[in-house]
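Engineer: Sharing a model prediction with you, sequence too.
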2 protein chains.
Amino acid sequence: MHQTFDAALGIDLLHVNQTGADHNRAHFDRWGITCLNIMSSPGAGKTALLERTLAGLSGELAIAVIEGDMTTELDADRLRQYDVPVIAINTGRSCHLDAKMVAGGLHTLEHTCDPQALDLVLVENVGNLVCPAEFEVGEHAKVALLSLTEGEDKPLKYPIMFQEADCLLITKIDLAPYLEVSIDQIAANVRQMNPDVAIFAVSAKTGAGLEDWFGWVRDRVQRSIPAKSHAHLS
Amino acid sequence: MHQTFDAALGIDLLHVNQTGADHNRAHFDRWGITCLNIMSSPGAGKTALLERTLAGLSGELAIAVIEGDMTTELDADRLRQYDVPVIAINTGRSCHLDAKMVAGGLHTLEHTCDPQALDLVLVENVGNLVCPAEFEVGEHAKVALLSLTEGEDKPLKYPIMFQEADCLLITKIDLAPYLEVSIDQIAANVRQMNPDVAIFAVSAKTGAGLEDWFGWVRDRVQRSIPAKSHAHLS
């Protein structure tokens, strides 16, 4: 949040965004879709995780991706190779996705495929460990990534993201032998901010820990199945 | 920049900030101080670079640090071990330092030491590869860090920071053997955004490349010496 803005105004803008996010979530619920908002610093491995997740789960779940980047479709193009609908949103100068941008993405999605046939929408946010945590886009859960190379202290120094996360992935653990960083200490610092968050240590390079992450995703999707059945009947 | 805000309002706020930044810079100029604004993603190694810089240069230059973090004084405490004035600013929910916060820091600095005796103020910004680039704090030059672990594509995906930077440090090059990333490709992508930026590849761990960085800092400080002499005469 930009502290220079008037506090009352900031609250209003977050309120407007929240209304838009609730609207998006109502669409997801009606379609029986689970939506996950994937967030991290630049370069923590969001796109690599999505590549692995599409390769691992797109055979059993119908997945689409909404890909947020300030500029370029570099990440979207990487994900299009997995034969799933990928909607690219360029945010321009904006440091995060907001509900309105994602609503535009959903509109495009409806013209790209039948959303009723989807189980899961993965939203890849702009790389930023601060601002995206404050702007819901209609997700059912927030997933934060923290690369092992970012250091042990980040959960303490950037608390909002870690307080908001439902799931925290410690990424790039294949680099552990070359870093003076403890995965256990990172996890302890995350738990200090958020005792209930699910934590998985993973490597998109070696595949370590990914089955646990897939299990967590399957569990979240399972929770939407009653809504899905309902949507199919309506 | 948060795109949800009204464009006209956004411009006004940046204008207000710019006025404050110019005011801060006038103070720096009067005191004969060079101010560098150090920015990067979280965990790219800003504090480690400052530790090395204080160890390497505080014998020949009188340095103070303004340390911005959302919460905690973890980084400030690391730098206080180098026996230089360190002013900590907690930004709360704000994702960047702004001119007003740094003005407050300068006020504290004036009560901590004689600013006329200083040569260099290093401002460590909040870890964020987007927003800090748009809010000047009164610096004479912007220094951006990009960790080798963040990947080759970041200068293309987060263009504003790289367009604004006067100096770009590619950090953590000691990890090059364990990553599929080319330093030359990163430098080429940076030059595509900003042909004139000074680029140094460094490792705070091994010390590689730091002498070139120190040389660049000395050169920037040298440019302020006439102002310094003037300040001493006034």
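Structural biologist: That came in fine, so what should we check first? Numbers count the residues shown, from 1 in each chain, chains lettered A, B, ... in the order given.

Engineer: Break down chain A into its strands, ranges please.
Structural biologist: A:34-39, A:63-69, A:86-90, A:120-124, A:141-147, A:167-171, A:198-201 (DSSP state E).

Engineer: The ones you listed into JSON lines, with extra columns for mean pLDDT and distance to chain B?
Structural biologist: For the C-beta atoms, the positions are set from N, CA and C on the backbone; glycine is no exception. JSON lines is the format used below for those (pLDDT from 0 to 100; distance: least, Cβ to the nearest Cβ, whole Å):
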{"stretch": "strand A:34-39", "mean pLDDT": "98", "distance to chain B": "12"}
{"stretch": "strand A:63-69", "mean pLDDT": "98", "distance to chain B": "6"}
{"stretch": "strand A:86-90", "mean pLDDT": "97", "distance to chain B": "10"}
{"stretch": "strand A:120-124", "mean pLDDT": "98", "distance to chain B": "12"}
{"stretch": "strand A:141-147", "mean pLDDT": "98", "distance to chain B": "7"}
{"stretch": "strand A:167-171", "mean pLDDT": "98", "distance to chain B": "10"}
{"stretch": "strand A:198-201", "mean pLDDT": "98", "distance to chain B": "16"}
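
Engineer: got those strands as CSV, with mean neighbour count columns?
Structural biologist: Formatted as CSV, the strands of chain A follow (neighbours: other Cβ atoms under 10 Å in any protein chain shown):
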stretch, mean neighbour count
strand A:34-39, 26
strand A:63-69, 26
strand A:86-90, 21
strand A:120-124, 26
strand A:141-147, 25
strand A:167-171, 25
strand A:198-201, 19
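
Engineer: Show me where chain A dips below the pLDDT cut-off.
Structural biologist: A:1-11, A:225-234 (pLDDT under 70).

Engineer: in it, which residue is closest to the centre?
Structural biologist: For chain A, the residue nearest the mean C-alpha position is residue A:38 (1.4 Å; Cα atoms, centre = their mean).

Engineer: And the strands of chain A: which comes nearest residue B:171?
Structural biologist: Residue B:171 lies closest, by Cβ to Cβ, to one member of those: strand A:141-147, at 13.7 Å.

Engineer: so the residue nearest to the centre of chain A sits right up against residue A:123, yeah?
Structural biologist: Yes - using Cβ atoms under 8 Å as the test, residue A:38 is close enough to residue A:123 to be in contact (6.4 Å).

Engineer: So residue A:162 versus residue A:40, what's the distance?
Structural biologist: Per Cβ to Cβ, to the nearest Å, residue A:162 is found 11 Å from residue A:40.

Engineer: And the two? Which one has more around it.
Structural biologist: Between residue A:162 and residue A:40, counted using other Cβ atoms under 10 Å in any protein chain shown, the more crowded position is residue A:40 (29 against 23).

Engineer: Can you name the residues bridging to the closest residue to the more buried one other than its chain neighbours?
Structural biologist: Spatial nearest neighbour of residue A:40, chain neighbours left out: residue A:145 (3.7 Å); criterion: Cβ to Cβ, 6 or more residues apart in numbering or on different chains. On DSSP bridges, the residues paired with residue A:145 through beta bridges are residue A:169.

Engineer: Next, the contact list for residue A:145, please.
Structural biologist: By Cβ atoms under 8 Å, 6 or more residues apart in numbering or on different chains, the residues touching residue A:145 are A:38, A:39, A:40, A:44, A:45, A:46, A:49, A:168, A:169, A:170, A:171.

Engineer: if you set the cut-off to 7 Å instead, what comes out?
Structural biologist: A:40, A:44, A:45, A:46, A:49, A:169, A:171 (Cβ atoms under 7 Å, 6 or more residues apart in numbering or on different chains).

Engineer: Those in helices, which ones?
Structural biologist: Judged by DSSP state H, those include A:46, A:49 as members of helices.

Engineer: For chain A, what lies in contact range of chain B?
Structural biologist: A:1-5, A:13, A:17, A:41-43, A:69-72, A:74, A:91-95, A:98, A:127-131, A:147, A:149-151, A:153-154, A:156-160, A:175, A:178 (Cβ under 7 Å from any Cβ of the partner chain).

Engineer: before we move on, the earlier item: distance to residue B:215 added to the strands of chain A, as JSON lines?
Structural biologist: Listed next are the strands of chain A as JSON lines, based on distance: least, Cβ to Cβ, whole Å:
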{"stretch": "strand A:34-39", "distance to residue B:215": "38"}
{"stretch": "strand A:63-69", "distance to residue B:215": "35"}
{"stretch": "strand A:86-90", "distance to residue B:215": "38"}
{"stretch": "strand A:120-124", "distance to residue B:215": "40"}
{"stretch": "strand A:141-147", "distance to residue B:215": "31"}
{"stretch": "strand A:167-171", "distance to residue B:215": "35"}
{"stretch": "strand A:198-201", "distance to residue B:215": "40"}
